[in-house]
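Colleague: generate a structure from the sequence data that follows.
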Amino acid sequence: MVCRFSTMLLNICIASLCNIGQFEKAEAVVIDGIRLGLLPDVVAYNILLSAYSRFVGIDAAYSVIHRMEEAGISPDVITYNSLIAATTKSCLSSRTLDLFEEMLRMEYF
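Modeller: Numbers count the residues shown, from 1 in each chain. Got it, this is the predicted structure:
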């Protein structure tokens with residue numbers, strides 16, 4: 001039986017590592033995936049963003065957004081929901097409102 005790498009498998013590995021707090025290993029999986037020709041998709045970035053916002057901090061979550069944009073991946077409604085939840089939890093109401101307004105401009109509603 002041959003195991004073929006796919007973006008779905010990459011995302012499962014990233015999520016599994018993030019769920020046990022192994023963020024450096026999750027990032028290494030992303031890098032290894034890129035070397036194998038598997039570019040992270042919006043799901044991969046959302047997994048990292050959600051995990052970083054919950055366990056590391058809002059600044060780490062925003063660094064994922066910047067990397068996502070640099071890679072040419074557009075945020076989706078899940079991206080915005082994760083960021084809004086993180087900024088709300090961190091009592092950053094002005095950032096929360098800015099994100100909500102940006103989401104409205106992107107016509108996710």
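
Colleague: by mean pLDDT, point me to the weakest helix or strand of this structure.
Modeller: helix 93-105 (a mean of 79; mean pLDDT, DSSP states H and E).

Colleague: list the contacts of it.
Modeller: Taking contacts as C-beta atoms under 8 Å, 6 or more residues apart in numbering, the residues outside helix 93-105 that touch it are 58, 77, 80, 83-84, 87-88, 109. Yep, even glycine has a C-beta here, placed from its N, CA and C like the rest.

Colleague: hmm, try it at 6 Å
Modeller: Contact partners of helix 93-105, identified using C-beta atoms under 6 Å, 6 or more residues apart in numbering, comprise 80, 83-84, 87-88.

Colleague: restricted to strands, list those residues.
Modeller: Among these, none falls in strands (DSSP state E).

Colleague: any chance of the residues you listed in TSV, plus pLDDT, neighbour count and distance to Leu17?
Modeller: Compiled in TSV, the contacts of helix 93-105 are given as follows (pLDDT from 0 to 100; neighbours: other C-beta atoms under 10 Å; distance: C-beta to C-beta, whole Å):
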residue	pLDDT	neighbour count	distance to Leu17
Tyr80	85	18	24
Leu83	88	27	21
Ile84	84	18	25
Thr87	84	22	25
Thr88	83	13	26
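
Colleague: and the least confident helix or strand of the chain, which residues are buried?
Modeller: 95-96, 99, 103 (16 or more other C-beta atoms under 10 Å).

Colleague: let's see that helix as CSV, backbone CA atoms only.
Modeller: Provided in CSV are the C-alpha atoms of helix 93-105 (Å, rounded to 0.1, in the frame of the first residue of the first chain):
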residue,chain,number,x,y,z
SER,A,93,-12.8,45.4,21.6
SER,A,94,-11.5,47.9,19.1
ARG,A,95,-9.7,45.1,17.2
THR,A,96,-12.8,43.0,17.4
LEU,A,97,-14.9,45.8,15.9
ASP,A,98,-12.3,46.4,13.1
LEU,A,99,-12.3,42.7,12.2
PHE,A,100,-16.1,42.6,12.1
GLU,A,101,-16.2,45.7,9.8
GLU,A,102,-13.6,44.2,7.6
MET,A,103,-15.6,41.0,7.4
LEU,A,104,-18.6,43.0,6.4
ARG,A,105,-16.6,44.7,3.6
